[in-house]
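**Student:** The sequence isn't on hand, but the structure is:
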């Protein structure tokens, strides 16, 4: 594990969509997954389940499904939205996903509606731990979220996710081909308030 300052890890993290084909070391992957296990969760329920996907055939099916739904989604974007996303490396074509060394499909168990919101929020804390831990291992990651319930259903079918679970995201994980410069951030005073909004 690379030991660096936590703030440095946070500032270094990027969303990467192009990866080298180099294999991710198993011990590094296990350290990343261990950080997910220690994420906080509502009532300590730990509702998440991580599926590690490395088989080419499964990754290809996921890539095809994501491309199909993303293509339809991008058609609905205003031209300026598509241009902005394209300038950040985004595209409707998700065929590159089949070449990502590891996909981590992140699901969470649902119960009644309010508890499901807590389970989803808890699961995203685990996802954030994974993103930061990957950066700490000199790996890169990018999150893919299903465009709509139909895509989620199709992806769950590919991954044999039970009906009692939702699919929060698929994390792409590997060594980056290049690291882009940091995107702009709002100033602190734009996002912070004290005592009231």
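**Tutor:** Great, that's in hand. Since this is a predicted model, take the numbers as computed values, not measurements.
**Student:** Quick one: the helices in the protein, in order.
**Tutor:** 6-12, 26-37, 56-75, 79-87, 113-136, 149-159, 188-191 (DSSP state H).
**Student:** roughly how far out does the last one sit from the chain middle?
**Tutor:** Think helix 188-191. Centroid separation for helix 188-191 versus its chain: 26 Å, with C-alpha atoms, centre = their mean, to the nearest Å.
**Student:** Show residues contacting it.
**Tutor:** Helix 188-191 is contacted by no other residue when judged by C-beta atoms under 8 Å, 6 or more residues apart in numbering. The C-beta positions use only the backbone N, C-alpha and C, and glycine is treated the same way.
**Student:** Name the stretch among the helices of the chain that sits most buried.
**Tutor:** helix 113-136 (a mean of 18; mean count of other C-beta atoms under 10 Å).
**Student:** helices or strands next to that one in the packing?
**Tutor:** In terms of contacts (3 or more C-beta pairs under 8 Å, 6 or more residues apart in numbering; DSSP states H and E), helix 113-136 is packed against helix 6-12, helix 26-37, strand 48-53, strand 102-109, strand 140-144, strand 165-174.
**Student:** Show the average pLDDT along it.
**Tutor:** Here helix 113-136 scores 91 as its mean pLDDT.
**Student:** Not counting its own residues, what contacts that helix?
**Tutor:** In contact with helix 113-136 (C-beta under 8 Å, 6+ apart) are residues 1-2, 4, 9-10, 12-13, 31-33, 35-43, 45-48, 50, 104, 106-111, 140-141, 143, 166, 168-169, 171, 173.
**Student:** Need the buried ones from those selected in ChimeraX.
**Tutor:** Buried residues among the contacts of helix 113-136 (16 or more other C-beta atoms under 10 Å), as a ChimeraX selection:
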select :9,13,32,33,35,36,39,41,46,47,48,50,104,106,107,108,109,110,140,141,143,166,168,169,171,173
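**Student:** ok, back up a step: how about the helices of the chain in JSON lines, adding distance to residue 182?
**Tutor:** Formatted as JSON lines, the helices of the chain follow (distance: least, C-beta to C-beta, whole Å):
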{"stretch": "helix 6-12", "distance to residue 182": "7"}
{"stretch": "helix 26-37", "distance to residue 182": "22"}
{"stretch": "helix 56-75", "distance to residue 182": "25"}
{"stretch": "helix 79-87", "distance to residue 182": "14"}
{"stretch": "helix 113-136", "distance to residue 182": "13"}
{"stretch": "helix 149-159", "distance to residue 182": "30"}
{"stretch": "helix 188-191", "distance to residue 182": "15"}
